[in-house]
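Enquirer: Structure, please.
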Amino acid sequence: MGVFSEITKMRLSLSVVFSSVAGYLLGVETVQLKILVLLAVGGYCMVGASNVFNQVIERDLDALMERTKTRPLPSGRVGVKAALFLGGVLTLLGIAILYTINPQTAMFGAISIFMYVSLYTPLKTKTPLSVFVGAFPGAIPFMLGWVAATNDFGIEPGTLFMIQFFWQFPHFWAIGWFLYDDYQRAGFRMLPTGEKNLGTAIQIVFYSIWTVLASLIPVFHVTGSLKLSPFAGAVVLGVGVWLVYYAVRLYRKKTDRAARQLMLVSVSYITLLQVVMVADKFLR
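Expert: Residues are numbered from 1 along each chain as shown. Sure, this is the predicted structure:
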């Protein structure tokens, strides 16, 4: 179980599943426990498979970095064939489970794993645009939950996608900042300018602001049935100011500590945002 947890990146996968569940609760009229369980299990399989394939592709590079050298593949605890078999099983199982919910959910799940493994992963050593490409599959889970609930793709799941899309940039650039030296060892190019400099810090601030603005759009009731009350909007704005404050703090200090703090705040932001949105729907 320990190796399975590591190779599927359980904590990351569970956070992605949380986003999907939040999206489902926002889109559904009557919660169906069966669908919720299928979404959680199928979603975990898909994210886990993406992480397995990612680690197979990057096993030699992972061995170069302090943060990743003890992972199952570079440490020799799991072989490539076994990892590929596990990734294949998780992929087929995930698509099959999501298909039982509805075909659109399975389709978006398959698109996510394809983009993550075939586009984002190989681009990480070639161009900083890899973060832009990776933001697409990274933004799908929040949207996926809504599609699972409604079997429909419209302005509502599109808005959820946009929110999590913009959020990817300050989050992953903050990680790229404080892990810069480790990423350099493997040749990963994760920062927009390639360096921990003013240009990168400015972009982090701008994308943090855009994340907050996108999160507030449902307050104006222009996104179909996806709506936020004024009170919930005020809470989201308050949490958003918190996010932007730490982005500006990184801009001013330009330290690894400030980047790590921004990363933690960004995780808290997206989690609190999803909780507030769901709570607002069921309590108002």
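
Enquirer: Could you pull up the residues touching Val219?
Expert: Applying Cβ atoms under 8 Å, 6 or more residues apart in numbering to Val219 gives the contacts 227-230, 232-233, 236. Just so you know, the C-beta spots here come from the backbone N, C-alpha and C atoms, and that holds for glycine as well.

Enquirer: Now, of these, which are buried?
Expert: With neighbours counted by 16 or more other Cβ atoms under 10 Å, the contacts of Val219 contain buried members at 227-229, 232-233, 236.

Enquirer: Go through these and say which is closest to Trp177.
Expert: The nearest member of those to Trp177, counting by Cβ to Cβ, is Val236 at 25.4 Å.

Enquirer: element containing that closest one?
Expert: Under the criterion of DSSP states H and E, Val236 resides in helix 230-253.

Enquirer: what comes up buried for stretch 79-88?
Expert: Along stretch 79-88, the positions that meet the burial threshold by neighbour count (16+ other Cβ under 10 Å) are 82-83, 86-87.

Enquirer: so how far is it off the chain centroid?
Expert: Once both centres are worked out by Cα atoms, centre = their mean, to the nearest Å, stretch 79-88 turns out to sit 23 Å from its chain's centre.

Enquirer: With stretch 151-158 instead?
Expert: From the chain centre to the centre of stretch 151-158 is a distance of 18 Å (Cα atoms, centre = their mean).

Enquirer: quick one: buried residues of the helix ranked longest in the chain?
Expert: Determined from DSSP state H, the single longest helix within the chain is helix 256-283. Burial within helix 256-283, assessed by neighbour count using 16+ other Cβ under 10 Å, is assigned to 256, 258-263, 265-266, 269-270, 272-274, 276-278, 280-281.

Enquirer: Check stretch 90-105 too.
Expert: Buried residues in stretch 90-105, counted by 16+ other Cβ under 10 Å: 90-91, 93-95, 97-99, 101-102, 104-105.

Enquirer: State the mean pLDDT of that stretch.
Expert: Taken as a whole, stretch 90-105 has a mean pLDDT of 95.
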